[in-house]
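Engineer: whatever this is, show me its structure:
(2 chains)
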Amino acid sequence: MSPGSSIRISLKINGRNHEFTATACDTLLDVLRDKLGMTGTKKGCDMGACGACTVLAEGRRIKSCLALAASCDGRSITTIEGVGTVDKLHQLQAAFVRHDALQCGYCTPGQIMSGLALLEEKPADLEAIREGMSGNLCRCGAYPNIIAAIAEVAGL
Amino acid sequence: MSGPLFQYGRAATVHDALIRASKPGAAYLAGGTDLLQLWKSGAMTPAAVVDISRLPLDEVELIGGELSLGALARLSDVASHPDVIRNHPLIAEAILASASGQIRNMATVGGNLLQRTRCPYFRNEQLACNKRKPGSGCGALSGENRQAALFGTSSSCVATHASDLAVALAALDAEVEVFGSEGERRFSLRDLYRPPGETPERETNLAPGELITGVHVPNATRFAACSTYLKIRDRASFEFAVVSVAAALQIENGKIVQARLAAGGVAPLPWRLDSTEAALVGHPLNARAIAAAGDLAVEHARPLAQNGFKVALLRNAMIRALQTLGRRP
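Structural biologist: Sure thing, here's the model as predicted:
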């Protein structure tokens, strides 16, 4: 197959099947945003450093900017669009609102997705939450409130 | 920001992977966490990506006292595996000190061992780097070299190897299992890596296309009760080591009978400290032995203009790691 030619890819995103074509070089992040119009997942550094692009693949948090879409073919993906609704927020989203865990909000979808996966890992204490969230940067510096929101949902 | 377009193909079997990788410009893709960064920064320009991520090489198992890690086992799965935690906590500790939760869910054992250096001259295609572009010179030698190596360097390259896992595995005498056109072979992880010499672009002793299929760690449990991984970095988490130390001891009747010491962030490969180990054996783990080990660990260090602080840092990291082991029951 020549470089740039199209590859058929199927993904199950937030419980719904999507079939589309992409090039070999398209990342999962670019496909979500540009092909499928799911712009909730953010592009920050595009180099795996900031975590704004965090999604769940088969329930595990990953950085979608470092995943080739072709390599994810057939996988089940959860994005921020699959978490809560405007009328009924997920309890972690509600905790972010209560704790004022954002300012500009650009990193928030990634923080929420990463936080959801971290909650599944059952962090033992606040230090484990801080360490477990180190893959998500917040340029506004809302870290204490982000940690507090996750801690509340974790029951810590 | 991204590099030139590449082809994509998924390997159905290990054999299929070798065939696909035999074409010029082919690169293996496992977790992709390093390859994608390298491609986006222009440091690597693969013509074709061979996706090996679905090959059945992700088992972690303990067989006859030997711990085997499949090359495609995810770092997070290795670090949380009961056999790893019980028998080789040093491995779990080194992994949990690496990268972030998201990256550890993607990155694999084999990919971690073969990750490329974080030297900024290698990662920026505008700058001189003999490793990325042979003959272009080493920008770090007389430029920004705070991160550069103390040992094993040459006049053509002073870059460090960035893996924490490799440091722990080198200390534990791990072996790598590889598969290539000549079949399967198995050798010490220490022999996987090549010092830069005049050919820094050749980092390993793998033949072109040869694939790491697994890592084996002998003598499970020998060091389980007395090992530690100390990582010193510029921020508390999600950062590469400035200096790291993997230390494992076996102490009987108050005396050290076995010592395994390796350092990270200070050499182009995981840096095993054989003479420091030898000096500890036969002695009790007391302040005198620990201080001597700190001094020996930095013997022959060759700092550059900006990384001299790493000499004191390595000496102190060695001392602190051994003190930590001394406090274990």
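
Engineer: number of nearby residues for residue 65?
Structural biologist: Looking at chain A here, since you left the chain open. Counted by other Cβ atoms under 10 Å in any protein chain shown, the residues lying close to residue A:65 total 26. Heads up, the C-betas are built off the backbone N, CA and C, glycines and all.

Engineer: the chain in question should be chain B.
Structural biologist: Residue crowding around residue B:65 was assessed by other Cβ under 10 Å; the count is 12.

Engineer: list the contacts for the residue nearest to it when sequence neighbours are not counted?
Structural biologist: With Cβ to Cβ, 6 or more residues apart in numbering or on different chains as the criterion, residue B:65 has its nearest non-adjacent residue at 5.1 Å, and that residue is residue B:220. Contacts for residue B:220 were tallied using Cβ atoms under 8 Å, 6 or more residues apart in numbering or on different chains; they are B:62, B:65, B:66, B:67, B:83, B:87, B:88.

Engineer: residue ranges for the helices of chain B, please.
Structural biologist: Remark: helices assigned in chain B by DSSP state H are B:14-21, B:35-41, B:75-79, B:82-87, B:89-96, B:101-106, B:109-113, B:120-123, B:165-171, B:274-280, B:287-297, B:309-326.

Engineer: of these, which approaches residue A:84 most closely?
Structural biologist: The closest of those to residue A:84 is helix B:101-106. By Cβ to Cβ, the value is 20.7 Å.

Engineer: partner residues bridging residue B:232?
Structural biologist: In this structure, residue B:232 has the following beta-bridge partners (DSSP bridges): residue B:243.

Engineer: relative to residue B:328, how far out is the residue nearest to residue B:222 when sequence neighbours are not counted?
Structural biologist: With sequence-adjacent residues excluded and distances taken as Cβ to Cβ, 6+ apart, residue B:222 is closest to residue B:250, at 5.9 Å. The gap separating residue B:250 from residue B:328 is 12 Å, by Cβ to Cβ, to the nearest Å.

Engineer: settle it for me: which of these two has more neighbours?
Structural biologist: The neighbour count for residue B:250 versus residue B:328, taken as other Cβ under 10 Å, is higher for residue B:250 (17 against 12).

Engineer: in terms of contact, does the more buried one touch residue B:219 like I think?
Structural biologist: No: with contact defined as Cβ atoms under 8 Å, residue B:250 does not reach residue B:219; the gap is 9.6 Å.

Engineer: for chain A, what lies in contact range of chain B?
Structural biologist: Taking Cβ under 8 Å from any Cβ of the partner chain, the part of chain A that reaches chain B is made up of A:1-4, A:7, A:23-25, A:27, A:46-48, A:51, A:54, A:57, A:60-63, A:65-68, A:70-71, A:114, A:117-118, A:121, A:130-136.

Engineer: give me that answer again for 6 Å
Structural biologist: A:1, A:3-4, A:24-25, A:47-48, A:54, A:60-63, A:66, A:70-71, A:131-132, A:134-135 (Cβ under 6 Å from any Cβ of the partner chain).

Engineer: now, these that are in strands?
Structural biologist: A:54, A:60, A:61, A:62, A:63 (DSSP state E).

Engineer: got a winner among those for most neighbours?
Structural biologist: The most crowded member of those is residue A:63, carrying 33 neighbours; neighbours defined as other Cβ under 10 Å.

Engineer: only whichever of the residues of chain A next to chain B are buried, select them in PyMOL.
Structural biologist: One line in PyMOL is enough to select the buried ones among those; burial here means 16 or more other Cβ atoms under 10 Å in any protein chain shown:
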select buried, chain A and resi 24+25+48+54+60+61+62+63+66+70+71+131+132+134+135
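
Engineer: leaving out chain neighbours, which residue sits closest to whatever residue of the stretch 1-150 of chain B ends up closest to chain A?
Structural biologist: For the stretch 1-150 of chain B, the nearest residue to chain A under the criterion Cβ to the nearest Cβ is residue B:100, separated by 2.7 Å. Distances taken as Cβ to Cβ, 6+ apart place residue A:135 nearest to residue B:100, at 2.7 Å, with adjacent residues excluded.

Engineer: look up how far residue B:110 lies from that neighbour.
Structural biologist: 22 Å.

Engineer: and what of residue B:142?
Structural biologist: Counting by Cβ to Cβ, the gap from residue B:142 to residue B:110 is 35 Å.

Engineer: so these two - more neighbours on which side?
Structural biologist: Neighbour tally, residue B:142 and residue B:110, criterion other Cβ under 10 Å: the higher count belongs to residue B:110, 24 against 10.

Engineer: quick check: nearest residue in space to the more buried one, chain neighbours excluded?
Structural biologist: residue B:71 is the one closest to residue B:110 (Cβ to Cβ, 6+ apart), at 3.3 Å.

Engineer: same question, residue A:113
Structural biologist: Once its chain neighbours are removed from consideration, residue A:113 has its nearest residue in residue A:54; the separation is 4.4 Å (Cβ to Cβ, 6+ apart).

Engineer: now do residue A:145
Structural biologist: Per Cβ to Cβ, 6+ apart, closest to residue A:145 is residue A:101, 4.1 Å.
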